[in-house]
Structure formats: structure tokens, C-alpha cells
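Visitor: Predicted model and sequence follow; I will ask about them next.
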Amino acid sequence: MLRVGIIGVGAMGTQHFLRLMTRINNATVTAVSDVNEARAREVTAPYESVRFMADPIALIRDTEVDAIVIVSADKTHEEFCLEALRLKKFIFCEKPLSASSEGARKVVDAEMAGGKRLIQLGFNRRFDEAYQELKELVVSGRLGEPLVAHCAHRNADYPEAFDDVVAVTGTAIHEIDTMSWLVGDYFTKAQVIFPKTTKYSKNPNLHDPQIVLLTTSSGMVITAEIWVNCQYAYDIRCEVLCEDGTATLPRHARVNVCTKNSSSVGMTSDGLGFFEESYNREFQAWVDACNEDTYCAAAASAWDGYCAAVTTDACLKSQISGGIEDVPLTDRPDFYKG
């Protein structure tokens, strides 16, 4: 039985806590830490065996914690990963790996120096069956070489604090990792374009929507629409254009209601619920790998987190310059192959 400590029980952290306690086999949560003690105690109240620990570093060092789930503020991820790596504990870290590409590189270097892959990044779409089917089709070569891809990430609305930086590091980062994984290539160029901003943007420092243009090392071009105040629902789309055909991500099945002279299909604004099954598969794969003292090859690694950080840094530079920025990535180290 894998004994897990969770750092951060906000909206996503709470979902991960409940997931580990009720839906994931061969794991249990033994301790949680959060800056909001009252909330943490409320979340864990039904489970008397779960301890609250005010100090997250103490939680990482606790002898009754085998593995760490990091769902705290982005700026803390690097510190907590480095401490867990020092103690050779398994880590599930929600994106981003670090608040900067330099910090992400420190984590990668520390993991390689330790000689064992211990980090799994929380890029859950790799475990979504529709995305897996799309990837299998693209890499099979049945449609020829991929040339262009279009994707969209839309949220009904976001809090006022959400700004241009978070639009990239909190939202576009999903498309960055997903598309790199989907086509099996890394990015060399990035540009962010600001169209006309919606009246529903609550922050003067948020251009909404935004268009992210990415070029891979093979010359493929990917467009990613980021729109976090679309109002109508949580909506994810993806289409890959290949030499001999196209492949489009199917919309998640919802009930189709037909009445006189009309037809409608339900949608949801719940992003966590939208990908619920992929989160479950992602966590079960992580727990299984930890219990077998290995890593899940299907999951995102620390190197993938570093690549995403370098790419988001280039996007942030482009937001300021308005131009095309280099994405200074090198080939994947042997340590992270396979």
C-alpha cells in the first residue's frame, strides 16, 4: 500500500485527495499540508487516519509518507520536488514543474544526478482515451506526415486575478505538452498573437482570447486558441491535418435532446469533470509504478515538464515583443528515453 502525502488541497488538490482515498487501488493518503489549515481539516475530516501537517517540508520528510503529490502554488513546486528528490521519494507534481525554465532545469539535473526517475508530471490528457486514439492514428502514418494542427482550450470564465502570464503557464501549457506528445516532436519557435479582447475579460492585464503559434523541429505548425472567458462551457478541440487526410478529436459524448423543431447537446463548465476518467487512469498508473519501484513510461516526465517550461517562457517573451521567439531546446537525454 503506497502511503501518499499531499501538499495543497485547493480545488484540484481536494479532487486528487478524494480520488486517492476512494477510487485508486493500493494507495492511501496519510498526511496533507496546506496554507489554509481550516480548509485542509474540512476536506480530511471524514478520514480520521489522515494527519494535517502545517509544514510541507516536514510532510515530505515524514517516515510514514512514501510518495508526494504536489498541488500547491506554482512557485513552490521546484522547492518541494528538490526536497523529495533528495530523499528519493516518488513525486506526482501538477504542472508546471517550476515557475521558470531555469528552475525546471534544476529539478531535471537533480533527478538525473540521483540516477532514478522519480517524477511524474500531471499532464493528464496523455491518459485520455480520445487523445490516445488520435495519437495512435497520427503516429501510425495512415494519414501521411502531419503538417498542421489546430487546437482550442476554452473555459467558461476565470477569476479576476487570471492574467496574460497565467493564460500561458496555466492554460496554454496543456496544449504545449499535449501537442508535443501527440506528434512526437519538440518546438523550436513560438509566437503569441492578441486578437480583439472579449468584453468579459475581468483583468486589464488579460488579453482574451490569445492565439499561440508553435513550430516543431520538423516544420509542423500548430495553432492553439486560448480563451478563458468564452461564457458557454468548458470546450477542448483538436484537429491534425496530414498529407493524406485529417483527424479530429471527437467531442465528449453528452445527451442529445430533441424537441419540436430543435436539437441540443449538453455541455459542461467543469474542466475537472470533463477529464475525470483520464485523471483516474493517470493516478492509477502512477500508484502502480510507485508500488513496483519504477516509473510510468506513458506519463509525462520531468524532462517533459522542462520542455513545457522552456516553451512557455518563449511564449511569455512573445507576449511582450509581439514577435517570433526561439524555443532553445535540445534533444531528450538518454535518461528520459523509454
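Guide: Looks like it arrived, so ask away. Numbering: from 1, shown residues only.

Visitor: Pairing partners for the residue nearest to residue 143 when sequence neighbours are not counted in the sheet, please.
Guide: Excluding its sequence neighbours, the residue lying closest to residue 143 (C-beta to C-beta, 6 or more residues apart in numbering) is residue 242, at 3.6 Å. Every residue, glycine included, has its C-beta placed from N, CA and C. Residue 242 has the following beta-bridge partners by DSSP bridges: residue 146, residue 245.

Visitor: Surely residue 242 touches residue 149?
Guide: No: taking contacts as C-beta atoms under 8 Å, residue 242 lies outside contact range of residue 149: 9.5 Å.

Visitor: so where's the stretch 201-338 of the chain uncertain?
Guide: 251-257, 259-273 (pLDDT under 70).

Visitor: which residues in it form helices?
Guide: In the stretch 201-338 of the chain, the segments counted as helices under DSSP state H, counting those that start in this stretch are 271-274, 276-291, 302-321.

Visitor: Could you identify which of those helices is most buried?
Guide: For the helices of the stretch 201-338 of the chain, the largest average neighbour count (mean count of other C-beta atoms under 10 Å) is found in helix 302-321, namely a mean of 23.

Visitor: Packing partners of the host helix or strand of residue 188?
Guide: Following DSSP states H and E, one finds residue 188 within strand 187-193. Counting by 3 or more C-beta pairs under 8 Å, 6 or more residues apart in numbering; DSSP states H and E, the packing neighbours recorded for strand 187-193 are strand 210-216, helix 302-321, strand 325-326.

Visitor: Turn the ones you listed into a markdown table, columns for distance to residue 40.
Guide: Formatted as a markdown table, the helices and strands packed on strand 187-193 follow (distance: least, C-beta to C-beta, whole Å):
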| stretch | distance to residue 40 |
| --- | --- |
| strand 210-216 | 34 |
| helix 302-321 | 26 |
| strand 325-326 | 40 |
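
Visitor: wait, which of these is closest to residue 123?
Guide: helix 302-321 (6.9 Å; C-beta to C-beta).

Visitor: tilt between the closest one and strand 210-216?
Guide: Interaxial angle, helix 302-321 versus strand 210-216 (axes from the mean of the first three to the mean of the last three C-alpha atoms, to 10 degrees): 130 degrees.

Visitor: SS state for residue 174?
Guide: helix (DSSP: H, G, I helix; E, B strand; the rest coil).

Visitor: what's near enough to touch it?
Guide: For residue 174, the contact set (C-beta atoms under 8 Å, 6 or more residues apart in numbering) comprises 95, 123, 125, 153.

Visitor: that older thread, check the burial of the residue nearest to residue 143 by counting its neighbours.
Guide: 19 (other C-beta atoms under 10 Å).

Visitor: how close does it get to residue 221?
Guide: The gap separating residue 242 from residue 221 is 13 Å, by C-beta to C-beta, to the nearest Å.

Visitor: any shared contact partners between the two?
Guide: Common neighbours of residue 242 and residue 221 (C-beta under 8 Å, 6+ apart) are residue 147.

Visitor: Domain map for this protein?
Guide: By the assignment in automatic domain parsing, the chain contains the domains 2-125+277-301, 129-268+306-336.

Visitor: Buried deepest among these, which one?
Guide: domain 2-125+277-301 (a mean of 19).

Visitor: tell me how far that domain is from the chain's mean position?
Guide: 14 Å (C-alpha atoms, centre = their mean, to the nearest Å).

Visitor: First-to-last residue distance for that domain?
Guide: 20 Å (C-alpha to C-alpha, to the nearest Å).

Visitor: now swap in stretch 51-71 and tell me
Guide: Terminal residues of stretch 51-71 are spaced 17 Å apart (C-alpha to C-alpha).

Visitor: for it, what is the average pLDDT?
Guide: If you average the pLDDT over stretch 51-71, you get 98.

Visitor: Can you list the neighbours in contact with it?
Guide: For stretch 51-71, using C-beta under 8 Å, 6+ apart, the contacting residues are 2-10, 12-13, 16, 20, 30-34, 37, 40-41, 44, 72, 76-77, 80-81, 83-84, 87, 89-94, 290.

Visitor: Cheers, nothing more for now.
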